[in-house]
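>>> Using only what follows, build the 3D model:
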Amino acid sequence: MKRFEEQVFAALPAETRRASRFVDPVAFGFTPQDATEIAKLVLDGIKSATGSLLWSYLADGKPLPCVGDLWVAIDGDSKPVCAVQTTNVEIIPFNQVPEDYARWGGEGDCSMESWRRMYWEYIVLECKRIGREPAAIAPMVMERFRLVYP
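Numbers count the residues shown, from 1 in each chain. Below is the predicted model of the structure:
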């Protein structure tokens with residue numbers, strides 16, 4: 001992974017390198033197969049947004065994403081697929097996430113109904129992991145990103 005990150009960093013314009021930091025790699029979805037399929041959506045430019053539960057960051061003591069962060073999307077074998085850069089971060093209650101995120105998320109049929117179903121499953125699993133009760137107002141960290149290195 002370190003070598004891939006070094007390649008990405010070397011390929012970026014100087015101004016991007018100065019304003020960026022690498023954060024932990026991301027395996028999207030619930031299974032290794034999900035990770036492989038969804039990373040391909042990122043690589044193909046179909047997926048340009050993701051969401052995560054604010055409560056998870058707090059429970060795990062992890063820093064929130066920041067504009068300019070660089071991260072690697074990995075497949076189900078933990079191999080790097082591409083690198084992206086965070087372009088926007090918003091905290092929005094689950095039940096108020098705008099429809100645009102369903103389209104930007106690129107998964108399923110890109111409908112809000114599909115998005116809510118997938119993310120509710122995620123919220124339930126994460127809340128169980130961290131000992132919280134799932135709620136429709138659960139704060140989501142909604143992140144937009146752009147592909148910077150295929």
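>>> In this protein, which residue is most central in space?
By C-alpha atoms, centre = their mean, the chain has its centre lying nearest to Thr50, at 4.0 Å.
>>> residues near the nearest residue to that one once chain neighbours are set aside, how many?
Counting by C-beta to C-beta, 6 or more residues apart in numbering, Thr50 lies nearest to Glu143, which is 5.4 Å off, once chain neighbours are set aside. For the C-beta atoms, the positions are set from N, CA and C on the backbone; glycine is no exception. Residues contacting Glu143 under the criterion other C-beta atoms under 10 Å number 25.
>>> Tell me who's in contact with Glu143.
Ala49, Thr50, Gly51, Ser52, Pro65, Thr86, Asn88, Val89 (C-beta atoms under 8 Å, 6 or more residues apart in numbering).
>>> try 10 Å this time
26, 48-52, 64-67, 69, 71, 84, 86-90, 101, 104 (C-beta atoms under 10 Å, 6 or more residues apart in numbering).
>>> PyMOL command for the buried members of those residues?
Buried members of those, defined by 16 or more other C-beta atoms under 10 Å, are picked up in PyMOL with:
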select buried, resi 26+48+49+50+51+52+65+69+71+84+86+101+104
